[in-house]
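Enquirer: pasting a predicted model and its sequence here:
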Amino acid sequence: MTPKLRIIQTNGEQLVVKSPSEEFVAEAQKALSTQKGVLIFEKNGWVHHLSGSHIIRLELSQEHDDQEDETDS
């Protein structure tokens, strides 16, 4: 299972970061908790600058790596 961090913004957009480091999660939480916090990161060749005031919430979850068929044979 791979962890993923979903960043939900005030404009309805969501950014998903797969396998975020603990340091990245801490930086995202810090940006969210401070009024003038900014989260800067690169994803797919784009550099994102997210103001903490534009982040609604962070969701950390686990994603299955393989697509297992759970039917009995």
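Expert: Thanks, I have the structure now.
Enquirer: ok, Gln14 - how many residues close by?
Expert: Neighbour count for Gln14, taken as other CB atoms under 10 Å: 10. For every residue, glycine as well, the C-beta is placed using N, CA and C.
Enquirer: in this structure it contacts Ile7, no?
Expert: Yes. At 6.7 Å, Gln14 counts as touching Ile7 under the criterion of CB atoms under 8 Å.
Enquirer: any residues in contact with both of those two?
Expert: Here Gln14 and Ile7 have no joint contacts, going by CB atoms under 8 Å, 6 or more residues apart in numbering.
Enquirer: mean confidence score for stretch 9-19?
Expert: Mean pLDDT, computed over stretch 9-19, is 91.
Enquirer: report the secondary structure state of Val47.
Expert: strand (DSSP: H, G, I helix; E, B strand; the rest coil).
Enquirer: which ones are touching it?
Expert: Ile40, Phe41.
Enquirer: and with 6 Å instead?
Expert: Going by CB atoms under 6 Å, 6 or more residues apart in numbering, Val47 touches no other residue.
Enquirer: for Gln9, same thing?
Expert: Counted by CB under 6 Å, 6+ apart, Gln9 has contacts His54, Ile55.
Enquirer: beta partners of it?
Expert: Beta-bridge partners recorded for Gln9 (DSSP bridges): Ile55.
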